[in-house]
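> predicted coordinates and the sequence they were generated for:
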Amino acid sequence: MKKMLLGVFLTFACIATNAVQANTPQLEVPPVLLTDLAVPITISEPGSQQLSLFIDGELVFEGFPNDGQTLVEIEQQKYGSSTIELRDSTAVLQQVEVPVIPAWASLLPPVIAITLAFLLRAVIPALFAGIIAGAWAVNGLTLQGGVKALFDSMAVYMLDALSDPGHAAIIIFTMTIGGMVGVVSRNGGMLGIVNRALTIAKTPRKGQAVIAFLGLTIFFDDYSNTLIVGNATRPMSDHLKISREKLAYLVDSTAAPVASIAIITTWVGFQVGLINESIAGIEGITQPAYTLFLHSIPYSFYPFLALLLVFTVVASKRDFGAMLKAERRARETGQVSRPHGKSTASREIDEMSEKEGVTCRAINGVVPIVTLVVTVIVGLYIDGEGDSLQDIVGSADSYRVLIWASFLSSLVAVILTLSQGLLSLEETVDAWVVGAKFMITGLIVLLMAWAIADVSNNLQTANFLISILGDGLSPYFLPTAVFLLAAVTGFATGSSWAVMGILMPLVIPLCWAVMQANGIADADHMHILYSCLACVLTGAVWSDHCSPISDTTVLSSLATGCNHMDHVTTQLPYASLSGVIALVVCTLPVGYGMPWWLMLGAGGALLGVTYWFVSKPVEVV
């Protein structure tokens, strides 16, 4: 009886304690403050009591706050540390000591990672150095903070990146696709596809055309596009002596550009959701979020020009810069990868070659890949909700659907292999494991890219870049400024989705406020808003193609078996050419009122002419 009463008492005590903890006011304070950068301090679960907020002993707020209310915006002038206290009428409820560092220190992680990546031509140590530098900055740039940063880099940032459900889904999806590719390669299915493709693609140019058109067909998701096209066409590309650098470029430059401008993709729900959230409460914007997105597509100049350049490169049989050297090396020597610059997974590629004596049937490769594509499309429809196809696809959990698709395609590959007696069960499992192992190095890089993005978020890198932009911009120049800001932020963080998530809620209110301040918030000037929406996206995609820490760039290197820094250095001049023309010839004049279709045509013509003059024939007769 006593034990039962004690149990009941403890149960009620726990409930009461949890209730008290749940109602305890909690400050939301960033892990670090930057000098001369205003940072909001918000509160959750404030209750109904009067609260006071003190910063370094000075009273800055007193009253009865609401849940989620911003109590004050801190703007510190000197670095060191600040003590923030939340009090009620009787006691200190919460005390936080926050490091204060120079604002420029928020740029340390991306600057160090990107610089070392180019200098060392090794992205893993460069990224790790950037993570440590960022963790050191978060810890106040002190000696003690430097020691702590060594451990935080793994125990905090790498762990958080790995434990994120979305990131874990991409890892599972990627490894499962790798396993499927390993099985269909070992059972001869991939070689069967190559043999069939070679009936069409008998020359390097035709082979590149096949790769580019496949990139257009898988438009619904950039990750799926990259992994499917890269893995499926790699054997054909090698047979035709197309360099891995060129293959990675074709795969990368037809993935995000297509997914970003197609009207039904996994990107659309994310973008429309951000737009809808950003326009909420803004008087004067009456168009639905999806309509605004559709109107912004014609102003997405970089994706259109990037795709145009891909087919110009294929049709011309010309290249320039490092890509020209890579293509000539592949044609003349048969070395599809730079000597000493092979993917670290090259051994696994050899292990994935077809089993000796096996009958190579294209159907054994086609069916699992088609299963993957169809399952993604059907899965997005089944998982999503809404009245229209756009709403259904946009609301679906794309990560969950990708896991479904990759698992089912692997299962189909295994069933086909075992049912035909092409491999034993043990050989099939070994082939799956080898295919999954092929993805490991790239996934490590991807994990580090996520971690450095998390560090940059804690350091408020994007907010600092926005503060540098300053006030007093002309509304007509605003789209150009947004493009540059998105590009710099994307180059620093390595994620186009992160750029959109950070900038979209800031850019739309800023653009509308600037338009209202200049008396042009009307139908005749809506092209400025449309262009700003597009520039958040296109600037991010452009930087994604240039940054060595970009997730899609890493995946492209991974799927094609290309050395990562070789891919970055060969793609960078091509992305830069399209990006500069998109910015100067298209975005800037359109902001001042020129028709989008006229400037897109002019940009495309200039791109073709410029490419012809800077490039040289790959095969010298």
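Structure received.
> what's the first helix or strand after the worst-scoring helix or strand of the chain on mean pLDDT?
Ranking every helix and strand in the chain by mean pLDDT, DSSP states H and E puts helix 2-22 at the bottom, with a mean of 47. Using DSSP states H and E, the helix or strand that directly follows helix 2-22 along the chain is strand 26-28.
> list the contacts of that next one.
For strand 26-28, contacts defined as CB atoms under 8 Å, 6 or more residues apart in numbering pick out Ile41, Thr42, Ile43, Ser44, Glu45, Leu53, Leu71, Ile84, Leu86, Gln94, Val96. Every residue, glycine included, has its C-beta placed from N, CA and C.
> test my guess that the third one contacts Phe64.
Going back to what we said before, that points to Ile43. No. Between Ile43 and Phe64 there is no contact under CB atoms under 8 Å: 11.0 Å.
> those two - which one has more neighbours?
Set Ile43 next to Phe64 and count neighbours by other CB atoms under 10 Å: Ile43 wins out with 23 against 11.
> residues contacting the residue nearest to the more buried one when sequence neighbours are not counted?
Spatial nearest neighbour of Ile43, excluding adjacent residues (CB to CB, 6 or more residues apart in numbering): Pro65 at 5.3 Å. Pro65 makes contacts with Ile43, Pro46, Leu51, Leu71, as judged by CB under 8 Å, 6+ apart.
> tell me if the last one really is in a strand.
It stands for Leu71. Yes. Checked against DSSP: H, G, I helix; E, B strand; the rest coil, Leu71 lies within a strand.
> next, count neighbours for it.
Leu71 is flanked by 22 other residues according to other CB under 10 Å.
> against Ser81, how distant is it?
19 Å (CB to CB, to the nearest Å).
> can you point out the buried residues in stretch 416-430?
Leu416, Thr417, Leu418, Leu422, Leu423, Glu427, Thr428, Asp430 (16 or more other CB atoms under 10 Å).
> let me know the closest of the residues you listed to Ile528.
The closest of the buried residues of stretch 416-430 to Ile528 turns out to be Leu416 (CB to CB; 54.3 Å).
> ok, that closest one touching Gly188?
No. In this structure, Leu416 is not within contact of Gly188 by CB under 8 Å, at 10.9 Å.
> which residues do the two both contact?
Common contacts of Leu416 and Gly188 (CB under 8 Å, 6+ apart): Asn364.
> thought Ser337 was touching His567?
No. Taking CB under 8 Å as the definition, Ser337 is not a contact partner of His567, at 10.6 Å.
> more neighbours: which of those two?
His567 (27 against 22).
> just give me how far the host helix or strand of the more buried one sits from the chain centre.
For His567, the enclosing helix or strand under DSSP H and E is helix 564-581. Remark: helix 564-581 is offset 17 Å from the chain centroid, using CA atoms, centre = their mean, to the nearest Å.
> distance between stretch 78-88 and the chain's centre?
Distance, stretch centre to chain centre, for stretch 78-88: 35 Å (CA atoms, centre = their mean).
> buried residues, it. List them.
Tyr79, Ser82, Ile84, Glu85, Leu86, Arg87.
> wait, what's in contact with the fifth one?
Just to be clear, that refers to Leu86. Pro25, Leu27, Ile43, Leu51, Ser52, Leu53, Val92, Leu93, Gln94, Gln95.
> Three-state assignment for it, please.
Leu86 is classified as strand under three-state DSSP.
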